[in-house]
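# quick one: sequence plus predicted model below, questions after.
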Amino acid sequence: MQYIMLIYGDNNAKMSEQEQGDLMKDYFAFTNEVKTKELFVAGEPLEAVTTATTVRVRDGKALTTDGPFAETKETLGGFYILDCENLDQAIEYAAKIPTAKHGSIEVRPIMKIG
């Protein structure tokens, strides 16, 4: 079953260049692991939340707002989609995502349609 792992981190966290470099090394290692184990389906980082546009349709008209839907400390920064045997395995790999150490990872099964 495929699971999406939504990566949330503190948008205001300050990291040194060394900390940023270490974090990226950890992400490359994680991505390599899930690719090697043939679990990787997709995964990408997202641009900063300041680049977001929220779209709502009201009375048949599309309304846009710059930025995310809600002001929160943690924002969506990226995702992985992994093909796991079950939820337990998905949770095991979500815990290995580097941002889990200081943010949170939301794990959700992907609904099969058709």
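Everything's here; your move. Residues are numbered from 1 along each chain as shown.
# every contact and neighbour count from this point should use C-alpha atoms.
Will do.
# would you state the helices of the protein in chain order?
Listed in chain order, the helices of the chain (DSSP state H) span residues 17-36, 87-94.
# state the pLDDT value of residue 70.
The model reports residue 70 with a pLDDT of 63.
# let me know the outermost residue of the protein.
Checked against the mean C-alpha position of the chain, the extreme residue using Cα atoms, centre = their mean is residue 59, at a distance of 32.2 Å.
# angles on the backbone of it, please.
phi 50, psi 40 (degrees, to the nearest 10).
# and it, what's its pLDDT?
According to the predicted model, the pLDDT of residue 59 comes to 96.
# that one and residue 86: what is the separation?
42 Å (Cα to Cα, to the nearest Å).
# burial measure for residue 8, as a count.
20 (other Cα atoms under 10 Å).
# how about the one 5 residues further on?
The local packing of residue 13 (other Cα under 10 Å) involves 9 other residues.
# how about the strands of this structure, start to end?
Counting by DSSP state E, residue ranges of the strands within the chain are 2-10, 40-45, 53-58, 61-66, 74-83, 104-109.
# indicate which one of the ones you listed is closest to residue 19.
Counting by Cα to Cα, residue 19 lies closest to strand 2-10 out of the strands of the chain; the figure is 14.5 Å.
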